[in-house]
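Asks: Provided below for reference: sequence and predicted model.
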Amino acid sequence: MFVRWSNLETGIEERARLPGYREQAVVRHFDAPEAIETRFYEVRAKSILNRVPAASRMPFQWTINPFRGCSHACVFCFARPTHTYLDFNAGRDFEREIVVKVNAPELLRVELAKPSWKGEHVALGTNTDPYQWVEGRYRLMEGIWEAMRDAANPCSVLTKSPLLLRDLKLMKEINERTEFSAALSVPTIDEKAWRATEPHTPNPRARLEAVAELTRAGIRTGVLVAPLMPGINDSPEQVAPILEKASEAGAAYVTGIALHLRGEVRGLFFDWLRANRPDLLPVYDRLYKRGAYAHPDERRRLEQLVKGPERPAGRFMRGRYGKSMAESSERTGHRAAGRGRDRAERASPGRFEQPPPPGSLRPPSGQAYVAREQSRRIPEQGRLF
C-alpha cells in the first residue's frame with residue numbers, strides 16, 4: 001500500500017462505497033484549518049491513464065487525474081459536473097468531498113510499461129488541479145513524475161499552485177529525457193476578483209513567480225488567463241498587469257480563454273452572480289442565451305485582450321522565442337515542448353522565424369496597453385457595458 005502520508009495527523013471517520021470503485025473508500029479528514037470541513041476518500045483506482053474522447057477536440061489524447069473534486073472552489077470550474085458521477089453534487093460536494101487515488105503512482109508505472117502503450121503525451125491538470133491543497137499531504141505527484149521520468153514519457157502540467165516547484169528537480173529530469181512543459185493558470189491578479197471567484201487558490205502573484213522559476217530552470221512555461229469573465233476580470237486595466245508580469249517572468253506564451261458554462265456550472269455560476277454581481281445578470285443572460293459558450297463576437301473580444309501590444313499573438317514573450325498557441329497545442333497539449341521545435345529547426349533551417357535580437361522585446365507598458373484597448377473597444381451599441 002502506498003504510504004507516503006503515514007506520518008500525518010489524520011482521522012478516519014468511516015468507510016464509504018463510491019460508484020465505480022469495487023472496494024470501499026477510507027474516509028479521512030485532516031486537522032488543518034484549510035481542510036477542517038473537507039472529507040477525503042482514499043480509493044484504489046483500477047486505471048490511471050484516461051483516454052480523452054475524440055469529440056472533445058482536445059490537443060492531447062491522454063490525461064491523469066490523481067484527485068476528483070477540487071478544494072480550490074473556483075466558482076467557474078468546468079470540471080464540477082464530473083462529481084455527479086460519484087453521486088455527489090457539483091456545488092459544495094465538489095469542493096469538500098475529495099477523492100484521492102492513493103495508488104496512482106504505482107498504477108502509472110504498470111500502465112506505462114505495457115507493450116500496448118505507445119509513449120503518447122500525457123497531460124495533467126486538465127480536469128481538477130493535481131497540486132490542490134491535499135497534494136501537500138499525499139504527495140502523489142512525486143511518484144507520478146518519477147514514473148514519467150523513468151519511462152521518458154512526454155508530459156505536461158497545468159495548475160494554479162506554486163506547489164509544483166516542490167517537484168522542480170523531477171521536472172528538470174523529465175525535461176532532459178523527453179518533452180515536458182508547464183502552464184500556470186492566472187485568470188486575474190486583481191485581489192477582489194481573485195478572492196471572489198477562486199476563494200481557496202494560492203495567490204496569483206505567487207503563480208507568476210513560479211513561471212519565472214520554471215523558466216529559469218529551462219522548462220517551457222506559459223500562462224493561461226482563463227476564464228475571462230465579462231465584467232469581472234476582463235478590463236484592460238486588469239489584464240495588462242498579467243501580461244507585464246508574464247513577460248518579466250519569461251513566459252513562453254500567454255493564452256486567454258472565454259468563460260464557458262456547461263451542465264451544472266451554468267446554474268452555479270448564475271447563483272453566484274445573483275449573490276455577488278446581480279448587476280451582471282442581464283449581461284450573462286444575453287451572452288449565454290444560446291448555450292454554454294458566449295457569442296462569437298464576445299469570445300473574439302476576450303481573446304484579443306491577451307494578445308499584448310506590439311507583437312504577434314502567442315509568438316514572443318520577453319527574451320524568449322515560442323511557437324504560436326495553435327502550433328503548440330496541436331503537438332502536445334499544454335503548449336508543450338520547445339525541444340521538438342528545436343529539432344525541426346535543425347532539420348529544416350529557415351522553416352521557422354528567427355527570434356528577435358536580445359533585449360529588443362520589452363515588457364509591455366500597462367498604461368499604453370490600457371489606452372490602446374480603450375481606443376479599440378466595440379462601439380457602444382455593440383458593447384455589453
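Replies: Cool, got the structure. Since the structure is predicted, the reported quantities are computational estimates derived from the model, not experimental observations.
Asks: can you list the residue ranges for strands in this structure?
Replies: 10-16, 25-30, 39-43, 50-51, 62-64, 67-68, 97-101, 122-124, 155-159, 180-185, 220-228, 254-258, 316-317, 320-321 (DSSP state E).
Asks: tell me what the fourth one is packed against?
Replies: This means strand 50-51. With contacts defined as 3 or more C-beta pairs under 8 Å, 6 or more residues apart in numbering; DSSP states H and E, the packing partners of strand 50-51 are strand 62-64. For glycine as for every other residue, the C-beta is placed from the backbone atoms N, C-alpha and C.
Asks: do the same with the fifth one
Replies: Contacts of strand 62-64 with other secondary structure elements, assessed using 3+ C-beta pairs under 8 Å, 6+ apart, are made with strand 50-51, strand 122-124.
Asks: partner strands of the first one, with direction?
Replies: This means strand 50-51. strand 62-64 (antiparallel) (DSSP bridges).
Asks: roughly how far out does the partner strand sit from the chain middle?
Replies: 13 Å (C-alpha atoms, centre = their mean, to the nearest Å).
Asks: tell me which residues are up against it.
Replies: 48-52, 104, 108, 120-124, 126-127, 130, 144 (C-beta atoms under 8 Å, 6 or more residues apart in numbering).
Asks: switch to 6 Å and redo it
Replies: With contact meaning C-beta atoms under 6 Å, 6 or more residues apart in numbering, strand 62-64 is reached by 48-50, 120, 122-124, 126.
Asks: ranking the helices and strands packed on strand 62-64 by mean pLDDT, which is last?
Replies: Note on the helices and strands packed on strand 62-64: strand 50-51 shows the lowest mean pLDDT, a mean of 94.
Asks: between the strands of the chain, which one is nearest to V75?
Replies: Among the strands of the chain, strand 220-228 comes nearest to V75, with 10.3 Å by C-beta to C-beta.
Asks: paired strands for that closest one, with orientation please.
Replies: strand 180-185 (parallel), strand 254-258 (parallel).
Asks: the longest one versus strand 155-159: what angle between them?
Replies: In this case it means strand 180-185. In terms of direction (axes from the mean of the first three to the mean of the last three C-alpha atoms, to 10 degrees), strand 180-185 departs from strand 155-159 by 10 degrees.
Asks: distance to E248, mean pLDDT and mean neighbour count added to the strands paired with strand 220-228, as TSV?
Replies: TSV is the format used below for the strands paired with strand 220-228 (distance: least, C-beta to C-beta, whole Å; pLDDT from 0 to 100; neighbours: other C-beta atoms under 10 Å):
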stretch	distance to E248	mean pLDDT	mean neighbour count
strand 180-185	14	98	28
strand 254-258	12	94	22
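Asks: mind putting these into JSON lines with distance to M229?
Replies: Shown next, in JSON lines, are those (distance: least, C-beta to C-beta, whole Å):
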{"stretch": "strand 180-185", "distance to M229": "13"}
{"stretch": "strand 254-258", "distance to M229": "8"}
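Asks: of those, which is nearest R92?
Replies: Closest approach to R92 among those is made by strand 180-185 (22.1 Å; C-beta to C-beta).
Asks: rank the strands of the chain by mean pLDDT and give me the bottom one.
Replies: When mean pLDDT is averaged over each of the strands of the chain, strand 320-321 scores lowest at a mean of 31.
Asks: looking at the helices and strands packed on strand 62-64, which is buried most?
Replies: strand 122-124 (a mean of 26; mean count of other C-beta atoms under 10 Å).
Asks: just to revisit the earlier point, pick the one among the contacts of strand 62-64 closest to D87.
Replies: Of the contacts of strand 62-64, the one sitting nearest to D87 (C-beta to C-beta) turns out to be N50, at 19.9 Å.
Asks: quickly note the distance from the closest one to A210.
Replies: For N50, the distance to A210 equals 26 Å [C-beta to C-beta, to the nearest Å].
Asks: tell me which helix or strand of this protein sits lowest on mean pLDDT?
Replies: Here the helix or strand of the chain ranked lowest by mean pLDDT, DSSP states H and E is strand 320-321, holding a mean of 31.
Asks: can you list the residues that contact stretch 182-190?
Replies: Taking C-beta under 6 Å, 6+ apart as the rule, stretch 182-190 contacts 157-158, 160, 194, 204-205, 207, 210-211, 214, 219, 221-224, 233, 238, 241-242, 334.
Asks: which stretches of the stretch 201-350 of the chain have low pLDDT?
Replies: Confidence mapping of the stretch 201-350 of the chain against pLDDT under 70 gives the ranges 308-350.
Asks: can you dump the C-alpha atoms of stretch 159-177 in CSV for me?
Replies: C-alpha atoms of stretch 159-177 as CSV (Å, rounded to 0.1, in the frame of the first residue of the first chain):
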residue,chain,number,x,y,z
THR,A,159,-2.0,24.2,-12.3
LYS,A,160,-3.0,27.2,-10.2
SER,A,161,-0.5,26.4,-7.5
PRO,A,162,3.2,27.2,-7.0
LEU,A,163,3.4,23.9,-5.0
LEU,A,164,4.6,22.4,-8.3
LEU,A,165,8.0,23.9,-7.5
ARG,A,166,8.5,21.3,-4.8
ASP,A,167,8.9,18.8,-7.7
LEU,A,168,11.2,21.0,-9.9
LYS,A,169,14.1,18.6,-9.7
LEU,A,170,11.9,15.8,-11.1
MET,A,171,10.5,18.1,-13.8
LYS,A,172,14.0,19.0,-14.9
GLU,A,173,15.0,15.4,-15.1
ILE,A,174,11.9,14.7,-17.3
ASN,A,175,12.8,17.7,-19.4
GLU,A,176,16.3,16.3,-20.0
ARG,A,177,14.9,13.0,-21.3
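Asks: no more questions from me, cheers.
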